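S.K.: Okay, here's the prediction I keep looking at, along with the sequence it came from:
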Amino acid sequence: MTSVESRRSDAFVNDRKHVFHSWSAQGAINPLVVARAQGSEFWDEDGKRYLDFSSQLLNANIGHQHPKLVAALKDQADLLCTVAPFHANEARSEAARLIAEIAPGDLNMVFFTNGGAEATENAMRMARLHTGRHKVLTTYRSYHGATGGAIQLTGDPRRWPAEPAMPGIVKFWGPYTYRSAFHSADDAEETQRALAHLEDVIMVEGPQFVAAVILETVVGTNGILVPPPGYLQGVRDICDRHGIVMILDEVMSGFGRCGEWFAVDHWGVTPDLICFAKGVNSGYVPLGGVVISDRVSASFRDRQFPGGLTYSGHPLACATAAASINIFREEGIIEHARRLGTDVIGPRLEKMKQRHPSIGDVRGIGVFWAIELVRNRDTREMLVPFNATGEAAKPMNDLVAACKARGLWPFSHFNRIHVAPPVNTPDALVNEGLDIIDEVLDLADVYCS
Ligand SMILES: Cc1ncc(COP(=O)(O)O)c(C=O)c1O
């Protein structure tokens, strides 16, 4: 053992020896050993407490160790731990029934997966088979998962090392009024120009070859980009005009994150497919899926759907999904999440913006917010460049370290800090976390010209 190892727990030492981590240079990481968690807090093995302002990876919407959800998991474990996907089973049937109940319009059937990437993969597959076309349009500012097709659907730089990859995926610009690709002055102009741009892309790609448009309803990791009024309805109309399947990726934005069951409920639009994962059962057991409209499922009534997973509709995962939906209803969690956005987080961030010159923009909905940091409010120069690493990322790394030192575990991406605690976090804890962010933003202000 080296002297470093001798000071560390077995959990840490064995992690560094044997666990190969996601998205990491294995020699460059120093993972925190999490020993326990409760509600919106977790503790490391030294007993240091953190406020979880990232809900782990934006999945623990109901918080940690919710007693009723843990009980539902234990009950299902006693009853039946595993069952093949070709059998029917009470846990799976009930989860599917409840998900169809909360989904908009005629989205009445559920194909279960183990997570979000498999959901977007299978949604793409369904759209291609349903339409008999192969092209899929996705936005540059997006993440749709890390498997072969999902990473090609992804717009952000995580896609780059996977290329050249699956052909037929075409990128376009979605709306983002603060950094408009269309030089729009306001949301109304952004909606109109972004829709005209999408129409143009479809025209030059050949609408008869386009199977699907896939969008994160509210773009998550790539900026908490809330679509401006009229945009989603406009996409719906374009898809209808050309017989294109509209897929909404609600892996991050669903299940209360945006203060509704699905973020799209804010705009009253019914897509053809919705991808979900994460908040469906807060990741107590891995689960994802695709909610399928009657129109698309009809394509597979007499024809085989050529896709499947050994653990599709796993009973432990489905039992926790059904229990979680019921707990959300019993405890008014959707309403709480909505109110956190309108009455607590939104107003506090607006106030912070007045105090900190480094805040260029604050935006969000429900419990899904971004603080976008700049060096200059007039030019909107980002606090750190796009996809910065190493020394170039130092201003953001310092902010994150300062949050952690004060017991706040933040979510950061590029030049943004996101505010995304569990959606049932009590007001007092949300305010405690926002106080810490308010304090550490002084570190960003020094870069402002
Ligand atoms: C919008 C979106 N889609 C898909 C995924 C992929 O989900 P998973 O990591 O469960 O495969 C993510 C993960 O962060 C996501 O945010």
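M.R.: Received, thanks. Numbers count the residues shown, from 1 in each chain.

S.K.: okay, now the residue lying closest to residue 445 once chain neighbours are set aside: neighbour count?
M.R.: Excluding the flanking residues, the one nearest residue 445 by C-beta to C-beta, 6 or more residues apart in numbering is residue 358, at 4.8 Å. The way it works is simple: take the backbone N, C-alpha and C, and place the C-beta from them, glycine included. Here the count is done by other C-beta atoms under 10 Å, and residue 358 has 26 residues near it.

S.K.: Over to residue 287?
M.R.: 29.

S.K.: circling back to that earlier point, wait, isn't the residue nearest to residue 445 in contact with residue 440?
M.R.: No: with contact defined as C-beta atoms under 8 Å, residue 358 does not reach residue 440; the gap is 10.7 Å.

S.K.: quick one: contacts for the residue nearest to residue 445?
M.R.: Each residue near residue 358 by C-beta atoms under 8 Å, 6 or more residues apart in numbering is listed here: 373-375, 383, 441, 444-445, 447-448.

S.K.: Please state the backbone phi and psi of residue 268?
M.R.: Residue 268 adopts backbone torsions of phi 60, psi 30, taken as degrees, to the nearest 10.

S.K.: Run through the residues that contact it.
M.R.: Contacts of residue 268 (C-beta under 8 Å, 6+ apart): 104, 233.

S.K.: how far away is it from the ligand?
M.R.: Noted for residue 268: a distance of 21 Å to the ligand, by C-beta to the nearest ligand atom, to the nearest Å.

S.K.: pLDDT wise, what is that residue at?
M.R.: In this prediction, residue 268 carries a pLDDT score of 98.

S.K.: what about the helix or strand harbouring residue 211, near the ligand?
M.R.: Residue 211 is part of strand 210-216 when elements are defined by DSSP states H and E. Yes: applying C-beta under 6 Å from any ligand atom, one finds strand 210-216 touching the ligand at residue 216.

S.K.: Would you tell me what the next helix or strand after that strand is?
M.R.: Taking DSSP H and E, what comes next after strand 210-216 is helix 231-242.

S.K.: Output that following helix in CSV with nothing but the alpha carbons.
M.R.: The C-alpha trace of helix 231-242 is given here as CSV (Å, rounded to 0.1, in the frame of the first residue of the first chain):
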residue,chain,number,x,y,z
TYR,A,231,-42.2,26.5,-30.4
LEU,A,232,-43.3,23.0,-29.5
GLN,A,233,-46.7,23.5,-31.1
GLY,A,234,-44.9,24.8,-34.2
VAL,A,235,-42.7,21.6,-34.3
ARG,A,236,-45.9,19.5,-33.9
ASP,A,237,-47.5,21.3,-36.9
ILE,A,238,-44.4,20.8,-39.0
CYS,A,239,-44.2,17.1,-38.1
ASP,A,240,-47.9,16.7,-38.9
ARG,A,241,-47.5,18.4,-42.3
HIS,A,242,-44.7,16.0,-43.3
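
S.K.: most residues in a single helix of this structure, which one?
M.R.: Looking across the chain with DSSP state H, the single longest helix is helix 187-205.

S.K.: Give me the contact list for that helix.
M.R.: So helix 187-205 is in contact with 135, 137, 170, 172-177, 180-182, 184, 210, 213, 228-231, 234-235, 238, 242, 244, going by C-beta under 8 Å, 6+ apart.

S.K.: among these, which ones are buried?
M.R.: 135, 137, 170, 172-177, 180-181, 184, 210, 213, 228, 230-231, 234-235, 238, 242, 244 (16 or more other C-beta atoms under 10 Å).

S.K.: Show me which residues of the stretch 251-400 of the chain sit near the ligand.
M.R.: Within the stretch 251-400 of the chain, the residues that sit near the ligand (C-beta under 6 Å from any ligand atom) are 251-252, 277, 288.

S.K.: closest to residue 130 among those residues?
M.R.: Closest approach to residue 130 among these (C-beta to C-beta): residue 288, at 19.8 Å.

S.K.: Which phi and psi values does the closest residue to the closest one other than its chain neighbours adopt?
M.R.: Distances taken as C-beta to C-beta, 6+ apart place residue 277 nearest to residue 288, at 3.2 Å, with adjacent residues excluded. Per-residue torsions, residue 277: phi -170, psi -140 (degrees, to the nearest 10).
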